[in-house]
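# After the sequence you'll find the predicted model.
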Amino acid sequence: MHIVAIDQGTTSTRAIVFDKRGAIVATGQREHEQIFPEAGWVEHDPAEIWAHTRDVVDEALETAGVAASDVAAIGITNQRETAIVWDRATGEPVYNAIVWQDTRTQPLIDELAADGGIRRFADVTGLPLATYFSASKIAWILDNVDGARERAERGELLFGTPDTWVLWNLTGGPDGGVHATDVTNASRTLLMDLRTLDWDEDLLAAFRVPRSMLPDIRSSSEEYGAAKGTALDGTPIAAILGDQQAATFGQVAFDRGESKNTYGTGNFLIVNTGEEIVESENGLITTVAYRLGDDAPHYALEGSIAVTGSLVQWLRDNLGLFDEAPEIEKLALSVKDNGGVYIVPAFSGLFAPYWRPDARGAILGLTRFANKGHIARAALEAVAFQTREVLDAVAADTGVTLEELRVDGGMVANDTLMQCQADVLGVPVIRPAIIETTALGAAYAAGLAVGVWADLDTLRSMWKEDARWAPSTDEVERARLLARWRKAVTRTFDWVDAD
C-alpha cells in the first residue's frame, strides 16, 4: 500500500509516492513561473499550478508503476499565506495568486498598525501585522480587481491558500469540490482565532473580508473527500498541512520542545510548544503545529526567514554567478573565508525576529579584494546567521536552548552550508535519511487518518539519521562573526521611505 503526497511549493509542485516504510518510491516535479509585475510584487498563475499538480501526479504514479487502487490516501502540503481568489461557479481565478513574499499591501498594514501597533491582533492570531499573511492580500484583490468586492459579497467568490485551491480542484472543482483548509494553514491568514480555531468576526471586519469566501477549517489529519477526475479517482484526501508544519511532522517533532529547521525558498524554524499557546516577546510567530482528528491541537513558535534559498536563485538568475544552484558550494569553497563580505537579503524586508518592512537587501564590506567566491560564501553564511538569530529568540521566549538542530529541505544537501550552520550555532546539525520531510509529513498525517500507520510512536521508529555536523569554530570567532553580521543587518534599516 502507498501514500501520495502533493507538495505545492513556492517554486514548484511535486508529487511523491511513499511506501508503507516511509521510503520514497517515485517523484514527479514541475517548476512554475515566478511573476514579478512590479518591485515587491510576487505572483503565481493558479491555473498553471493546478495543471502541474495533475501532471506530477501522473508522472509519479507512472514512474512508480502504482495504480490508484494501490494508493491508500493523498496528503497535501503547500506554500502557506499565498492568496488565491476564484469564481465559485467556473473555477476561474479572478487574479493571479499573490505570494507570501509579496509586499504590495504595506499601506493597508500601516493603516491598521496605526491603531495598536503591529501586534494589534497578536493575542488572537499569534501573528504580527505584516504583508506576509493572507488577509491583506485578499483585501487587495477585492479592492483592485473590477467587480471583485461586489461578487464576493454576493457569495460568488472563494478564497483559499494553495492547499484549498488544490483540494477544491482535486475533488471536482465547480462540480462539488470541497472548500476546506486545515488549522495550520488557517492560522497563517491573520483571520483565525488560535483558541477557537475558527474565523474571527472582528478580524474579518478589519480586513473587510466576507466570511462566505472562506473555507471550512478542519484538522490536519482526517478524510476531506475523494479525488475526482484525475488518475487518483476515488482515493481519499486525508491530510492537509502547511509546508513548515508538514516538515515538522515529517521530522517526528510531535512533542513539546522538539523542533526542526527547513531550508527552502526561505528558512523556517518551528519549535513545538505542545498544547500551550506561547506568546512571543522576541519576534517569533505563534502558530498551530498540527491537529489530529478531534484531538487537542498542538501549537508552536516559528521563526520565519523570508530569503535563503531564493538568495541562491538570485545570485544564479539575476547576477549569473553560476549556472546551477548546487554550484554555489564549489564557488564558496574557492575562498578560505568571506573576505569581510556580508549579505543581508532583505528583498521583502526582514521577517523574524526583526519584522522590518522598511529594510532592503545589501552587500556590505566590499573591497577590491572581494570576488564572487566571497559573495557566494557570504550568501551561505547569511542563511546560517539568520537561523542563529531566530534560535536565540526561541531561547529567550522559552528559556530552553536547543542541544541539536534537525534540518531538512533542498539546501541541506549543501555540506558546506551545514558545517557553517553548526559553526554559527555552536551545536550539532543533524540531517535525516529522508530530507523530503515536507512531503513525508503530509504522507504520515494521511496514513494515520486511514490506518496505514497505527500511531505516532510507529512514525517515530521510522526516523533515521543520515549525517551530522559538529561545530568547528571557537566561541571567540563565533562571537566576532555574529557581531559583524548584526552590524550589517542594522545598515539595511529605514531604506524604504514614505515616498
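Yes, it's here.
# Every contact and neighbour count from this point should use C-alpha atoms.
OK.
# Apart from its chain neighbours, what residue comes closest to residue 396?
With Cα to Cα, 6 or more residues apart in numbering as the measure, residue 282 is the residue that lies nearest to residue 396, at 7.0 Å, once sequence neighbours are left out.
# no, scratch that, I was asking about residue 353
Leaving aside its sequence neighbours, residue 353 sits nearest to residue 283 (Cα to Cα, 6+ apart; 4.1 Å).
# Would you check how far apart that neighbour and residue 184 are?
The spacing between residue 283 and residue 184, counted by Cα to Cα, to the nearest Å, is 19 Å.
# which one of the two has more residues nearby?
Neighbours per residue, other Cα atoms under 10 Å: of residue 283 and residue 184, the larger number sits with residue 184, 30 against 22.
# Model confidence score at the more buried one, please.
With respect to pLDDT, residue 184 scores 97.
# For it, what are phi and psi?
Backbone torsions of residue 184, given as degrees, to the nearest 10, read phi -70, psi -40.
# my guess is it meets residue 220, correct?
Yes - the criterion here is Cα atoms under 8 Å, and residue 184 meets it with residue 220 at 7.3 Å.
# Could you check the pLDDT of residue 434?
Looking at residue 434, its pLDDT is 83.
# Any idea how far the host helix or strand of residue 73 is from the middle of the chain?
In the assignment (DSSP states H and E), residue 73 maps to strand 71-78. Here strand 71-78 is found 17 Å from its chain centre; the criterion is Cα atoms, centre = their mean, to the nearest Å.
# thinking again about what came up before, show me whatever sits in contact with both of residue 184 and residue 220.
Contact criterion Cα atoms under 8 Å, 6 or more residues apart in numbering; residues bridging residue 184 and residue 220 by contacting each: 241, 290.
# Residue 271 contacts residue 254, doesn't it?
No - under the criterion of Cα under 8 Å, residue 271 makes no contact with residue 254, lying 9.8 Å away.
# Tell me which of these two has more neighbours.
Set side by side, residue 271 and residue 254 give different neighbour counts by other Cα under 10 Å, the larger being at residue 271 (26 against 22).
# which ones are touching the more buried one?
Listed by Cα under 8 Å, 6+ apart, the contact partners of residue 271 are 256-260, 300-302, 394.
# Report pLDDT for it.
Residue 271 is given a pLDDT of 88.
# repeat for residue 39
According to the model's per-residue confidence, residue 39 sits at a pLDDT of 85.
# and what of residue 347?
The score at residue 347 is 90. That number is its pLDDT.
# next one: residue 364
For residue 364, pLDDT reads 95.
# wait, it sits on residue 343?
Yes - contact criterion Cα under 8 Å: residue 364 and residue 343 qualify, at 6.3 Å.
# Please say which of these two ends up with more neighbours.
Taking neighbours as other Cα under 10 Å, residue 364 and residue 343 compare with residue 343 leading, 23 against 18.
# Is the more buried one in a helix, a strand, or coil?
Here residue 343 takes the strand state, with states given by DSSP: H, G, I helix; E, B strand; the rest coil.
# Which strand residues bridge it?
As for beta bridges, residue 343 partners with residue 363 under DSSP bridges.
# so it sits right up against residue 379, yeah?
Yes - Residue 343 lies in contact with residue 379 (Cα under 8 Å); the separation is 6.0 Å.
# Following the chain onward from the longest helix that the chain contains, which element is next?
In terms of residue count, the longest helix belonging to the chain (DSSP state H) is helix 372-398. Sequence order places strand 405-408 as the next helix or strand after helix 372-398, per DSSP H and E.
# Just the mean pLDDT for the helix or strand that comes right after that next one, thanks.
Using DSSP H and E, the next helix or strand after strand 405-408 towards the C-terminus is helix 415-425. For helix 415-425, the mean per-residue pLDDT is 94.
# With stretch 253-264 instead?
Computed over stretch 253-264, the mean pLDDT rounds to 87.
# Would you mind pulling the contact partners of that stretch?
For stretch 253-264, using Cα under 8 Å, 6+ apart, the contacting residues are 244, 247-248, 251, 267-274, 308-310, 405-412, 456.
# Kindly supply the ChimeraX command isolating those of those residues that are buried.
Listed next is the ChimeraX selection for buried residues among the contacts of stretch 253-264, using 16 or more other Cα atoms under 10 Å:
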select :244,247,248,251,267,268,269,270,271,272,273,274,308,309,310,405,406,407,408,409,411,412
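# if I look at the residue sitting furthest away from the middle of the chain, how far off is residue 374?
The centre of the chain is farthest from one residue, residue 368, which by Cα atoms, centre = their mean lies 37.8 Å away. Per Cα to Cα, residue 368 is found 12 Å from residue 374.
# Also residue 101?
For residue 101, the distance to residue 374 under the criterion Cα to Cα works out to 27 Å.
# Then residue 159?
From residue 159 over to residue 374 the distance is 44 Å, taken as Cα to Cα.
# same question, residue 408
Noted for residue 408: a distance of 25 Å to residue 374, by Cα to Cα.
# Touching, residue 424 and residue 478? I think so.
Yes - the pair residue 424 / residue 478 is scored as a contact, 6.1 Å apart, by Cα under 8 Å.
# Tell me which of these two has more neighbours.
Shown here are residue 424 and residue 478; by other Cα under 10 Å, residue 424 has more neighbours (25 against 15).
# give me every residue that touches that one.
Applying Cα under 8 Å, 6+ apart to residue 424 gives the contacts 384-385, 388, 471, 473, 478, 482.
# Any of these buried? List them.
Buried residues within the contacts of residue 424, defined by neighbour count using 16+ other Cα under 10 Å: 384-385, 388, 471, 473, 482.
# And residue 499, what's its pLDDT?
What the model reports as pLDDT for residue 499 is 56.
# Please read the previous query as pertaining to residue 404.
In the predicted model, residue 404 carries a pLDDT score of 86.
# give me the low-pLDDT residue ranges for the stretch 301-450 of the chain?
By pLDDT under 70, the stretch 301-450 of the chain contains no weakly predicted segment.
# now the stretch 101-250 of the chain
With pLDDT under 70 as the threshold, the stretch 101-250 of the chain has no low-confidence stretch at all.
# Helices of that one, residue ranges please.
106-113, 122-125, 134-144, 148-153, 162-170, 183-186, 201-207, 243-250 (DSSP state H, counting those that start in this stretch).
# Put together CSV for those helices, with distance to residue 54 on each row.
Rendered in CSV, the data for the helices of the stretch 101-250 of the chain read as follows (distance: least, Cα to Cα, whole Å):
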stretch, distance to residue 54
helix 106-113, 35
helix 122-125, 34
helix 134-144, 25
helix 148-153, 28
helix 162-170, 9
helix 183-186, 22
helix 201-207, 33
helix 243-250, 19
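# give me every residue that touches residue 343.
Counting by Cα under 8 Å, 6+ apart, residue 343 makes contact with 361-364, 375, 378-379, 382, 488.
# nope, residue 180 is what I was after
Neighbour list for residue 180: 164, 167-168, 215-218, 224 [criterion: Cα under 8 Å, 6+ apart].
# beta partners of it?
For residue 180, the beta-bridge assignment (DSSP bridges) gives partners residue 216.
# the domain parsing of the chain - what is it?
Following the TED database, the chain resolves into domains at 2-245, 252-432+464-498.
# For residue 440, which of these is the nearest?
Across the domains of the chain, the minimum distance to residue 440, taken as Cα to Cα, is reached by domain 2-245, at 7.2 Å.
# rewinding a little: what's the helix or strand for the residue nearest to residue 353?
Element membership of residue 283 [criterion: DSSP H and E] is none; it lies in no helix or strand.
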